[in-house]
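**Student:** Next come a sequence and a model predicted from it.
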Amino acid sequence: MLLLLLTLLFVIGAGGSSDYIFLYHRAGDEVIMSCNIVDSSETSCSIINWLYNRDTSGTHTIVRDGQINKVSPQADKLSLDHRCSLTITNISSEDAGRYICRYGNTYEHDTNVYLNILTLSADQSTDPVGGVTLTCTLWRHTYISCEEHSLRWLDEERDELKKDDDEVHYSGQMNCVSHLTITHQSNHSRRYTCQFVKSNEVKISANYTLVSTVDLTSDSTSNKMIIIIIGASVGLLTILVIVGLTVFITSRRKTGAAEEDAPKRARVPDEPETNSEVHQPMQQASLMDEEESSVTYVTVSYRSQNQEALPSSEVREPEEGEEEVTYATVKK
């Protein structure tokens, strides 16, 4: 770090024209880095290169001759505009570090951009007594440290938290990392703010809203009630469907049984037993008619010897004392 600072002082003291820009952003932001060596008359970035390093161990070329280096880990987030400015979308802590815009292979007129990224995260304690630890980190070039007390914590009234109390525990700052533990959550949501301050000037800040356990319990109860209502509705619907199907099946079975019995009742007169009983009297009457048709009846009258015979044309009714006999001949 001392070597880097001496180099910066030497360049400034020697009247060098290199530019040093410090940017502060939060994770997820979009960053635009200007290349100051490009003037307004420049219409092409064909001789512009962008380089990146996180520390002094190595430098990577992310833009070569105006073209994005496809093998760079950041390639899918990088773009170059007509002024050769470098744009990075959806930045994360891995993007923090030093970016250099260089004209050709000369470094006398480099533009040095230091990207600093602030993150704020929460870690829920697994301890039965509860508690949440907030971690505030300023990600930057490895050899640039943070001054003591440069990371500050504020409550929702914008008052700085400097010591422990019944609600929070401040563990202090280690380089560019600071922790704040909330040991007792109040009955309402609270907002906490982490600031990075340099020379009494706030460079960047991030907020975190901590939801109270009461709110969480209320949300949990509401969710349980919703689940119970949905379960009861599904159960009732299932019962209605089962009852409906049972009624439908029963009705269909009764209808089918009635349809099966109807033909049987219609065929009753055609059954052999019934036919024999119904037609037997008719057959007997027919036989009697046939027998009567085959019988010839002849009536013979006779009178005593003292009576005179009459012509056939003068046949009369027998008088008293006369007898009449009827003879029948059966034809077979």
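**Tutor:** That came in fine, so what should we check first?

**Student:** which strand is the longest one in this structure?
**Tutor:** strand 111-124 (DSSP state E).

**Student:** Check which helices and strands it sits against.
**Tutor:** Here strand 111-124 touches strand 19-26, strand 31-33, strand 97-103, strand 132-139, strand 190-198, strand 201-210, going by 3 or more C-beta pairs under 8 Å, 6 or more residues apart in numbering; DSSP states H and E. Bear in mind the C-beta positions are built from the backbone N, C-alpha and C, glycine included.

**Student:** angle of that strand against strand 97-103?
**Tutor:** Computed by axes from the mean of the first three to the mean of the last three C-alpha atoms, to 10 degrees, the angle separating strand 111-124 from strand 97-103 equals 160 degrees.

**Student:** Could you export the helices and strands packed on strand 111-124 as CSV, including distance to Ile68 and mean neighbour count?
**Tutor:** Shown next, in CSV, are those (distance: least, C-beta to C-beta, whole Å; neighbours: other C-beta atoms under 10 Å):
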stretch, distance to Ile68, mean neighbour count
strand 19-26, 20, 15
strand 31-33, 14, 16
strand 97-103, 14, 21
strand 132-139, 23, 20
strand 190-198, 30, 18
strand 201-210, 27, 14
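
**Student:** Put together TSV for those strands, with distance to Ser72 on each row.
**Tutor:** Listed next are those as TSV, based on distance: least, C-beta to C-beta, whole Å:
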stretch	distance to Ser72
strand 19-26	19
strand 31-33	15
strand 97-103	12
strand 132-139	19
strand 190-198	28
strand 201-210	26
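
**Student:** Any chance of those in a markdown table with distance to His149 and mean pLDDT as columns?
**Tutor:** Putting the helices and strands packed on strand 111-124 into a markdown table (distance: least, C-beta to C-beta, whole Å; pLDDT from 0 to 100) gives the following:
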| stretch | distance to His149 | mean pLDDT |
| --- | --- | --- |
| strand 19-26 | 17 | 95 |
| strand 31-33 | 27 | 96 |
| strand 97-103 | 24 | 95 |
| strand 132-139 | 13 | 94 |
| strand 190-198 | 8 | 94 |
| strand 201-210 | 13 | 93 |
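
**Student:** Could I get the full set of strands for the stretch 151-300 of the chain?
**Tutor:** Using DSSP state E, counting those that start in this stretch, the strands of the stretch 151-300 of the chain run over 151-154, 168-174, 177-182, 190-198, 201-210, 295-302.

**Student:** And those: which comes nearest Ser57?
**Tutor:** strand 177-182 (21.3 Å; C-beta to C-beta).

**Student:** The closest one pairs with which strands, parallel or anti?
**Tutor:** Using DSSP bridges, strand 177-182 pairs in its sheet with strand 132-139 (antiparallel), strand 168-174 (antiparallel).

**Student:** any chance of the ones you listed in a markdown table, plus distance to Glu201?
**Tutor:** Below are those laid out as a markdown table (distance: least, C-beta to C-beta, whole Å):
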| stretch | distance to Glu201 |
| --- | --- |
| strand 132-139 | 14 |
| strand 168-174 | 18 |
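
**Student:** Who are the contact partners of Ser44?
**Tutor:** Gly66 (C-beta atoms under 8 Å, 6 or more residues apart in numbering).

**Student:** Actually, Ile68.
**Tutor:** Ile62, Ala75, Leu78, Ser79, Leu80.

**Student:** Beta-bridge partners for the residue nearest to the third one when sequence neighbours are not counted, please?
**Tutor:** When you say that, I think you mean Leu78. Spatially, and ignoring its direct neighbours in sequence, Leu78 is nearest to Ile68 (5.2 Å; C-beta to C-beta, 6 or more residues apart in numbering). Counting by DSSP bridges, Ile68 is bridged to Val63.

**Student:** Quick check, pLDDT for Ile68.
**Tutor:** What the model reports for Ile68 is a pLDDT of 96.

**Student:** Thr43 now?
**Tutor:** So Thr43 comes in at 63 (pLDDT).

**Student:** For stretch 146-153, measure first residue to last.
**Tutor:** End-to-end distance of stretch 146-153 (C-alpha to C-alpha, to the nearest Å): 15 Å.

**Student:** cool, stretch 84-102 as well?
**Tutor:** Stretch 84-102: ends 11 Å apart by C-alpha to C-alpha.

**Student:** Could you do stretch 146-157 as well?
**Tutor:** 26 Å.

**Student:** list the contacts for Asn207?
**Tutor:** Counted by C-beta under 8 Å, 6+ apart, Asn207 has contacts Leu120, Arg191, Tyr192, Thr193.

**Student:** from memory the second one sits against Ser205, does it?
**Tutor:** Put plainly, it is Arg191. No: Arg191 is beyond contact range of Ser205, at 11.6 Å (criterion: C-beta atoms under 8 Å).

**Student:** Check the secondary structure at Ile144 for me.
**Tutor:** Assigned with DSSP: H, G, I helix; E, B strand; the rest coil, Ile144 falls in the coil class.
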